[in-house]
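Trainee: Need the 3D shape of this:
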Amino acid sequence: MNDEMDGVLSSVGPRLRALRRERGSTLAELSAATGISVSTLSRLESGGRRPTLELLLPLARVHRVPLDELVGAPPTGDPRVHARPFIRHGTTYVPLTRDLGHGLRAFKQVMDGTRTLGPEDQRSHEGYEWLYVLSGRLRLFLGDNDLVLTPGEAAEFDTRVPHAFTSADGKPVECLTIFGAQGERIHTRARPARKN
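Mentor: Now for the predicted structure:
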């Protein structure tokens, strides 16, 4: 098997683990839904078991993702991203990038405004995030800071700093977010670069 194929197959385990955790499922719940044993699922996620079609098809069905997205197959020339929205903690996330299991991910987030968070709800994790408010008023708790962002405003921060964001006034909010699990940083420019 060539190096490219080995690379694709070796990235399946981390992608499966991330997908399961993103959906808040346990290995036992996934086992019950797919009929695949917990130990096999665990070995798939850790890279101890090579993925096969008979294992990946039920996982793709349960996670409701196309098989090529599940394995991170190389793009076939169509640049379109087929967004499959999902809901987490009352917020709808619309993926704007393919999930390649690494690198930056972009999402459009739509908060209906019914779920409010406070400073006590702040969480931290590895990574770096950039967000841009499209509509509504977004309240950002970032460590000791309590900020309200309005349309056209952006924020960027290290996600190891405790943070939470919510509607500032109980009304819907739409924003774009770019997240890098490895801590990549987005650099924005206030004005165009000079031409030499």
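Trainee: What segments of the chain are helices?
Mentor: All helices of the chain, identified by DSSP state H, fall at 3-10, 12-22, 27-34, 38-46, 53-63, 67-71.
Trainee: nearest to G136, of those helices?
Mentor: Proximity to G136 (Cβ to Cβ) singles out helix 12-22 among the helices of the chain, at 24.4 Å. (C-beta placed from N, C-alpha, C; glycine too.)
Trainee: CA atoms of that closest one as CSV?
Mentor: In CSV, the C-alpha atoms belonging to helix 12-22 read as follows (Å, rounded to 0.1, in the frame of the first residue of the first chain):
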residue,chain,number,x,y,z
VAL,A,12,-9.3,7.6,10.5
GLY,A,13,-8.9,6.7,14.2
PRO,A,14,-8.5,10.3,15.5
ARG,A,15,-11.3,11.4,13.2
LEU,A,16,-13.6,8.7,14.6
ARG,A,17,-12.8,9.7,18.1
ALA,A,18,-13.3,13.4,17.4
LEU,A,19,-16.6,12.7,15.7
ARG,A,20,-17.9,10.6,18.6
ARG,A,21,-16.8,13.2,21.2
GLU,A,22,-18.3,16.0,19.1
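Trainee: Can I get the helices of the chain in TSV including distance to K171 and mean pLDDT?
Mentor: Below are the helices of the chain laid out as TSV (distance: least, Cβ to Cβ, whole Å; pLDDT from 0 to 100):
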stretch	distance to K171	mean pLDDT
helix 3-10	44	68
helix 12-22	27	85
helix 27-34	35	91
helix 38-46	40	91
helix 53-63	32	86
helix 67-71	33	74
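Trainee: Let me have those in TSV, extended by distance to G127.
Mentor: Output for the helices of the chain, formatted as TSV (distance: least, Cβ to Cβ, whole Å):
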stretch	distance to G127
helix 3-10	22
helix 12-22	12
helix 27-34	24
helix 38-46	20
helix 53-63	22
helix 67-71	21
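Trainee: Ok, which of these comes nearest F157?
Mentor: Between the helices of the chain, helix 12-22 lies closest to F157; by Cβ to Cβ that is 20.8 Å.
Trainee: can you pull the buried residues of that closest one?
Mentor: 12-13, 15-17, 19-20 (16 or more other Cβ atoms under 10 Å).
Trainee: do stretch 48-58 as well
Mentor: Using 16+ other Cβ under 10 Å as the test for burial, stretch 48-58 gives 49, 51, 55-56.
Trainee: Same check on stretch 131-143?
Mentor: 131-133, 136-142.
Trainee: Tell me the one among those residues nearest to R123.
Mentor: F141 (10.2 Å).
Trainee: Could you check how far the closest one is from L147?
Mentor: 8 Å (Cβ to Cβ, to the nearest Å).
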